[in-house]
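S.K.: Dropping a prediction and its sequence here:
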Amino acid sequence: MDRPTISPEQLQEAAENLTTIRDFIRFGVTALRQYDAHLGQGTEDYFAESSALVLQTLSLEWKADAEIFDAKLLPSEKAEFLALLERRINEKVPTSYLLNLAYFCDKPYYVDERVLIPRSPIAELINQRFAPYCLDENDQVREALNNLPENPQPKKPQRILDMCTGSGCIAIALAYAYPDADVDATDISKEALEVASINAEHHDKQYQVALLESDLFDKIPAENQYDLIVSNPPYVDAEDMADLPEEFHHDPELALAAGQDGLDLVRKMLAQAADYLTEDGLIVIEVGNSEWAMKQNFNTIDFHWLKFQNGGSGIFALTAAQCRQYRDLFIQSIQA
């Protein structure tokens, strides 16, 4: 059965009868809801989604003052917005790909279909500077909100690794958080690193964030030792891949799929993590819906499963000591 699509007649009716920013945001909300557009790739509700499409079309800030909502659109502006809305509904292209824009830690990033749209709860950990395990840039411990482990001697991370960097948003946000740190950002995808390079230059972080094409740790020099390793790797299992909404078909599959239980890459990371962490380093990995598989496969390990004030789950932390303690178990999990 063909899914319903918004018709040229409906779009023409809107163009002829609607006039203000408020009108077009309202029309977008109704259309997105009516045609069951899937959310969750950068925006969390239909109003935010429609507002982003309208306001970006008009080169306005996404958080523009509501007083401007009664301003009228030019015919060319109406046509541009309605063309984007048509693609959003009929082709199921996520809004951030249509606009080549997404926000992470309140900063803008260029995105296209070479990378995932930033949407990780890791942003909250960065904003809290991984408290209480790490100090912030002012040598203070921020409020502990996320169930990260205690550290008897917390310090500022001096060397940080963002593995599977994609758009580079996590690496760049870490560079903002720790301006004196050296940040390495790796990805197996050359195309993703091209996008990360665009973002690093846009944020003037190209000299602080070093980009490296590498399959996990493969091309990282053995002498590199990191105080903090952060990763949002592919973690979607085979069953979830088959059931993804159409919007996710625009994401690069390489950035999503990770084997039968979603842990193919995570197992490899954990098997080598101890070799690349400093004595009291920390690794933080997002596994999303594959949290259940982690708990099932590694039921003897006391992972620190993190909590989030702004929503999100499926992210754990391990200290370097834990990585050393369970290294053999992680290696065996790859060989099994």
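M.R.: Received it, and whenever you're ready, just let me know what you need.

S.K.: Quick one: the helices in the stretch 1-150 of the chain, in order.
M.R.: With helices called from DSSP state H, counting those that start in this stretch, the stretch 1-150 of the chain shows them at 8-17, 21-34, 46-57, 75-90, 95-99, 122-127.

S.K.: Serialize these to a markdown table and add fields for distance to P221, mean neighbour count and mean pLDDT.
M.R.: No exception for glycine: its C-beta is placed from N, CA and C like everyone else's. What follows is those, written out as a markdown table (distance: least, CB to CB, whole Å; neighbours: other CB atoms under 10 Å; pLDDT from 0 to 100):
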| stretch | distance to P221 | mean neighbour count | mean pLDDT |
| --- | --- | --- | --- |
| helix 8-17 | 55 | 13 | 96 |
| helix 21-34 | 48 | 20 | 96 |
| helix 46-57 | 41 | 22 | 93 |
| helix 75-90 | 44 | 18 | 96 |
| helix 95-99 | 34 | 22 | 92 |
| helix 122-127 | 25 | 22 | 96 |
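
S.K.: Nearest to the spatial middle of this protein, which residue is it?
M.R.: P118 (3.0 Å; CA atoms, centre = their mean).

S.K.: gap between the closest residue to E291 other than its chain neighbours and P149?
M.R.: Excluding the flanking residues, the one nearest E291 by CB to CB, 6 or more residues apart in numbering is G314, at 4.4 Å. According to CB to CB, to the nearest Å, G314 stands 18 Å off from P149.

S.K.: show me where the stretch 51-200 of the chain has strands.
M.R.: Taking DSSP state E, counting those that start in this stretch as the criterion, the stretch 51-200 of the chain contains strands spanning 102-104, 107-109, 159-163, 182-187.

S.K.: and L329, which of those strands is closest to it?
M.R.: Using CB to CB as the measure, strand 159-163 is the one of those that comes nearest L329, at 20.4 Å.

S.K.: Keeping just the C-alphas, turn that closest one into CSV.
M.R.: C-alpha atoms of strand 159-163 as CSV (Å, rounded to 0.1, in the frame of the first residue of the first chain):
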residue,chain,number,x,y,z
ARG,A,159,44.5,14.4,25.6
ILE,A,160,41.1,13.3,24.3
LEU,A,161,40.0,10.8,21.7
ASP,A,162,36.6,10.9,19.9
MET,A,163,36.2,7.6,18.0
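
S.K.: Please list the outside residues in contact with that strand.
M.R.: With contacts defined as CB atoms under 8 Å, 6 or more residues apart in numbering, strand 159-163 is touched by 168, 170-171, 174, 178, 181-186, 216-217, 220, 224-231, 233, 269, 276, 278.

S.K.: Quick one, which of those residues are buried?
M.R.: 168, 170-171, 174, 178, 181-186, 216-217, 220, 225-231, 233, 269, 276 (16 or more other CB atoms under 10 Å).

S.K.: Among those, which are located in helices?
M.R.: I170, A171, L174, M269, Y276 (DSSP state H).

S.K.: Domain-wise, how is this protein divided?
M.R.: 8-90, 102-335 (automatic domain parsing).

S.K.: Centre of the chain to the first one, how far?
M.R.: Domain 8-90 sits 24 Å away from the centroid of its parent chain (CA atoms, centre = their mean, to the nearest Å).

S.K.: cool, the longest one as well?
M.R.: Put simply, domain 102-335 sits 10 Å off its chain's centre (CA atoms, centre = their mean).

S.K.: of G314 and P149, who's got more company?
M.R.: G314 (19 against 15; other CB atoms under 10 Å).

S.K.: list the contacts for the nearest residue to L53 once chain neighbours are set aside?
M.R.: Of all residues not flanking L53 in the chain, L84 sits nearest, at 5.3 Å (CB to CB, 6+ apart). When contacts are counted by CB under 8 Å, 6+ apart, L84 touches L53, T57, L98, L99.

S.K.: Quick one: those as a markdown table, columns for distance to L161 too.
M.R.: What follows is those, written out as a markdown table (distance: CB to CB, whole Å):
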| residue | distance to L161 |
| --- | --- |
| L53 | 36 |
| T57 | 38 |
| L98 | 32 |
| L99 | 30 |
